[in-house]
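S.K.: Just need the structure, nothing else, for what follows:
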Amino acid sequence: MEDEQGLWIQFLKGSEKALADIFLQHHDDLIRYGLKLTKSTPMVEDCIQDLFFKLWKNRANLQVVRIVKPYLFRSLRNHLVDSLELQKQRITQDLDEETVYHFDLTYHAKDFFSEDSDDENLDRVIDALNLLTPRQREVVYLRFFENLDFEAIAKVMEMNVQSVRNVLHRGLLTMRKASLLVALLCYVL
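M.R.: Okay, the predicted model is just below:
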């Protein structure tokens with residue numbers, strides 16, 4: 001496999017094959033991430049197609065990127081936001097950021113193991129993850145499921161690195177408190 005930056009440079013120079021290779025390398029991750037942000041498979045697929053069409057069309061105006069995956073994640077995220085905004089144009093009231101946050105990731109057992117796994121601890125972890133705010137869930141997903149570093153997550157979510165760290169920290173504290181509460185209830189009962 002060719003290095004990402006070299007492939008990106010070839011694409012910027014007009015190589016359709018390079019763009020196809022980038023698409024093939026990242027398609028599954030983009031689908032998986034998009035479906036965590038919205039449950040509409042057709043919307044995710046349309047946004048990915050639109051993303052790659054726009055990349056090709058605007059390649060002369062694009063910059064060289066060192067790591068392609070976070071760039072594509074952020075671009076897909078922005079396309080999904082735009083699509084969701086079009087659907088929700090009639091709602092124009094001022095709400096706090098967490099309320100207007102567009103994505104609501106939900107974790108399921110299949111995210112961790114096969115469908116036939118039955119583990120009580122896994123259920124506790126899933127319940128604790130689902131207690132997090134949507135923004136916290138997205139940070140946890142990008143950090144632990146997609147193995148992105150804090151800088152890459154900040155680029156994807158259009159936040160500063162310290163904010164990403166803070167969101168993750170608060171989320172992990174919430175999960176810890178929930179786990180302690182579950183353990184206490186199990187002990188008491």
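S.K.: how many neighbours does residue 151 have?
M.R.: The tally of other residues near residue 151 (other CB atoms under 10 Å) stands at 13. Using the backbone N, CA and C atoms, a C-beta is placed for each residue, glycine as well.
S.K.: what's the answer for the one 10 residues further on, then?
M.R.: Other residues near residue 161 number 14, with proximity taken as other CB under 10 Å.
S.K.: Can you give me every residue that contacts it?
M.R.: Residue 161 makes contacts with 150, 151, 154, as judged by CB atoms under 8 Å, 6 or more residues apart in numbering.
S.K.: Now it: closest residue in space, sequence neighbours ignored.
M.R.: Of all residues not flanking residue 161 in the chain, residue 154 sits nearest, at 4.6 Å (CB to CB, 6 or more residues apart in numbering).
S.K.: Let me see the contact set for residue 18.
M.R.: Going by CB under 8 Å, 6+ apart, residue 18 touches 7, 8, 10, 11.
S.K.: which of those residues tops the neighbour count?
M.R.: Neighbour counts for the contacts of residue 18 (other CB under 10 Å) peak at residue 8, which has 24 neighbours.
S.K.: That residue and residue 25 touch, don't they?
M.R.: No - the pair residue 8 / residue 25 is not scored as a contact, 10.9 Å apart, by CB atoms under 8 Å.
S.K.: any residues in contact with both of these two?
M.R.: Contacts common to residue 8 and residue 25, judged by CB under 8 Å, 6+ apart, are residue 68.
S.K.: I'd like the next helix or strand past the helix or strand of the chain with the lowest mean pLDDT.
M.R.: When the helices and strands of the chain are scored by mean pLDDT, DSSP states H and E, helix 97-100 comes last with a mean of 46. Next in sequence after helix 97-100, counting helices and strands by DSSP states H and E, comes helix 120-129.
S.K.: buried ones in that following helix?
M.R.: The neighbour-count check on helix 120-129 (16 or more other CB atoms under 10 Å) flags 124, 125, 126, 128, 129 as buried.
S.K.: ok, those vs residue 164, which is closest?
M.R.: residue 129 (17.2 Å; CB to CB).
S.K.: which SS class is residue 32?
M.R.: Three-state call for residue 32 (DSSP: H, G, I helix; E, B strand; the rest coil): helix.
S.K.: Around it, how many other residues sit close by?
M.R.: 14.
S.K.: Okay, it and residue 69: tell me how far apart.
M.R.: Distance of residue 32 to residue 69, given as CB to CB, to the nearest Å: 12 Å.
S.K.: Residue 21 too?
M.R.: Going from residue 21 to residue 69 by CB to CB gives 14 Å.
S.K.: and the chain, what are its domains?
M.R.: 4-87, 104-188 (automatic domain parsing).
S.K.: Let's check: the centremost residue of the protein is which one?
M.R.: Averaging the C-alpha coordinates of the chain gives a centre point, and the residue nearest to it by CA atoms, centre = their mean is residue 33 (4.6 Å).
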